[in-house]
Each structure stands twice: as C-alpha cells, then as structure tokens.
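Undergrad: Sequence plus predicted model, see below.
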Amino acid sequence: MKSPMAVSDRGQGPYLRRFGPVERTIHALVIVSFLGLVLTGVPLRFAYAPWAAPLMKALGGPGSAGFVHRVCAAITFGYFFLHLLRVTWTLFHTDDKKSIVWGPNSMVPQPKDLRDVIGMFRWFFGRGPQPKFDRFSYMEKFDYWAVFWGVAIIGGSGLLLWFPTFFARFLPGWLFNVATIVHGDEALLALGFIFTIHFFNVHLRPGKFPVDLVIFTGRARAEYFEEEHPLEYERNVREGRLEGLAAEAPSRATYLWSMTLGFGALAVGVFLIVLVLYALVS
C-alpha cells in the first residue's frame, strides 16, 4: 500500500514521470555520500565537543572514519563526472542545443528566476500572487549549482589533504593550511544549508510535509505537477505531451527504499544539525 505521507502520492490524476533513472541514481549517490562525509567529518571539525569522541568511537575510530570519508569522497567525484559526461553526451546528441543553457528545461539561472525570487517575497508579505514555476524553480537551480560549488571547493581542497605528498611537489606549503580551513568551513556551510534550508524547502514546508519522494520514485500525481510546476504542466497539456509522460504507480519495493532513504536522511540531518548547534553555542 502506498504511503499517504508522500506529497507526490497525494491528490488525483495519473502518475507522470518527472525524473529518469540516471537523475534518481545520482541523487541517491549524493545523499549517501554527503551523509557519510558529514558523519565522519564533524567529529574532527568539532573535536572539542563532548559528543565528538563518542561519535568517532561509534564510527569505529579514526581509521574506519577516515576510510569511510575517502570512499564517500570517491563516490562524490564519481557522480560529479557521471553528470558531466551525461551533459556532454546530451550536448552532442540533441538537435536543440540551446535548450541546455536557455529555456524551461535548463538549469542555468535566467531572468524569470530573479522575477520569481522577487515575486516570492511579495507573496510572503501578501503583496502579490505566488509565482508559477516551470520545470525547475529558482530554489532547485540554487541547490543544483551549490553542488557544483561544493564539489569544486570542498572536493578540490580535500584532494590536497588526501594526497599531500603528490601535490607538495608543485604547490607551496601555505596552500595546504588554506585547504584545511576552506575544507572545514565550506563543509560546515554545506551542512548547515542542506540540513535546514534544503530540508525545509523540499520536505518540511507546508504542503510538502513530511516528505516529497518524487526524486526517489521519479514520478508523481498529475495534481502534484499542477501545484508545484504549473507552467510545465500547462505546456505539456498544450503541446499534447502529457500522455507520453504517463507512468505506472511506484511499486511497494520502490516506496519502501524511498521512504527508508528519505526519512533516514532527514533523521541523520536533524541529528547532526542539533550536534553542530550544541557545539557552537556551548
């Protein structure tokens, strides 16, 4: 039986496909690797906190935690290059190359996104209607580019700390001190954003609570599309492409692993943000 807790399963209408298997797999890898990196990194970043030593012990000690951290780092670089490969393949095999950098299916920020940001603040204060989003809202684009920033900055500095002997052959020593600071502070920024703003926007805000599984199952009810991405829905109706997006309801197994990963990530994220806040204020 499908869980009514998932906002993507509520409402009327047939199921429509929103994400394919590649997007779903990459997002799952992002979740697993990020949680692994944060779990094994915060005990070092807040080694002075009373919870740091017990958490490190629960992870099997510094040796085990370091191994898990490096495995998750390898996964991070893996999904990053997989995505770049997919974008490159699309660039060379699509007839509409402009759609990659412009238009409703592009993740590149556009003037409409700025208008939507302003419109959202007007809506917050009762000064205008809520903006209508297309396939990707400005919030989703912000999350997308944050991953690029994170992999570039956190991943790049992490590589220096992972292979110091190799990079010391042609890089100055002070750069490793900078990398240590940047790696920890940028990771803390990513942790704070993902476990608060991202969790709220995607799962915990009114209308989404307690979880949105569309990125896990890849599909949602038609009513979900009408509410969350009305411009995309209207365009597909207008162009007669709605039937082509029809999908079967998610299987019980799909719902099981989706709920497990979704609520598991939420639980770990809330647990870690509480630990970090305790360390910062104590």
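TA: Cool, got the structure.
Undergrad: Quick one: the helices in the stretch 51-200 of the chain, in order.
TA: Assigned by DSSP state H, counting those that start in this stretch, the stretch 51-200 of the chain shows helices spanning 52-58, 62-93, 111-124, 138-150, 156-162, 164-167, 174-192, 199.
Undergrad: what packs against the fifth one?
TA: Same thing as helix 156-162. On a contact count with 3 or more Cβ pairs under 8 Å, 6 or more residues apart in numbering; DSSP states H and E, helix 156-162 meets helix 62-93, helix 174-192. (Each C-beta comes from the backbone N, C-alpha and C, glycine too.)
Undergrad: same thing with the longest one?
TA: For helix 62-93, the contact count by 3+ Cβ pairs under 8 Å, 6+ apart identifies helix 21-45, helix 156-162 as packing neighbours.
Undergrad: That helix: how far from the chain's middle?
TA: Remark: helix 62-93 is offset 14 Å from the chain centroid, using Cα atoms, centre = their mean, to the nearest Å.
Undergrad: quick one, it and helix 138-150 angle?
TA: 120 degrees (axes from the mean of the first three to the mean of the last three Cα atoms, to 10 degrees).
Undergrad: And stretch 51-62, end to end?
TA: By Cα to Cα, to the nearest Å, the extent of stretch 51-62 from end to end equals 15 Å.
Undergrad: Tell me where this protein is predicted with low confidence.
TA: 1-4 (pLDDT under 70).
Undergrad: With residue 157 as the reference, measure out to the most far-flung residue of the chain relative to its centre.
TA: Relative to the centre of the chain, and counting by Cα atoms, centre = their mean, the farthest-placed residue is residue 169 at 35.4 Å. Going from residue 169 to residue 157 by Cβ to Cβ, to the nearest Å gives 18 Å.
Undergrad: Ok, residue 40 next?
TA: For residue 40, the distance to residue 157 (Cβ to Cβ) stands at 16 Å.
Undergrad: Same check on residue 103?
TA: Distance from residue 103 to residue 157, by Cβ to Cβ: 34 Å.
Undergrad: can you check residue 41 too?
TA: Noted for residue 41: a distance of 12 Å to residue 157, by Cβ to Cβ.
Undergrad: ok, back up a step: what would the helices and strands packed on helix 156-162 look like in a markdown table with mean neighbour count and distance to residue 201?
TA: Below are the helices and strands packed on helix 156-162 laid out as a markdown table (neighbours: other Cβ atoms under 10 Å; distance: least, Cβ to Cβ, whole Å):
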| stretch | mean neighbour count | distance to residue 201 |
| --- | --- | --- |
| helix 62-93 | 14 | 21 |
| helix 174-192 | 16 | 14 |
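Undergrad: now for those helices, which one comes closest to residue 126?
TA: helix 174-192 (29.3 Å; Cβ to Cβ).
Undergrad: what about dumping the CA coordinates of the closest one to CSV?
TA: Output in CSV follows, covering the C-alpha atoms of helix 174-192 (Å, rounded to 0.1, in the frame of the first residue of the first chain):
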residue,chain,number,x,y,z
TRP,A,174,50.9,27.5,2.8
LEU,A,175,48.3,26.3,0.4
PHE,A,176,47.7,23.2,2.5
ASN,A,177,46.9,25.4,5.5
VAL,A,178,44.4,27.3,3.4
ALA,A,179,42.9,24.0,2.1
THR,A,180,42.4,22.8,5.7
ILE,A,181,40.5,25.9,6.6
VAL,A,182,38.5,26.0,3.4
HIS,A,183,37.6,22.3,3.5
GLY,A,184,36.2,22.5,7.0
ASP,A,185,34.4,25.9,6.7
GLU,A,186,32.8,25.2,3.3
ALA,A,187,31.7,21.7,4.5
LEU,A,188,30.1,23.4,7.6
LEU,A,189,28.3,25.8,5.3
ALA,A,190,27.0,22.9,3.1
LEU,A,191,25.9,21.0,6.2
GLY,A,192,24.0,24.0,7.5
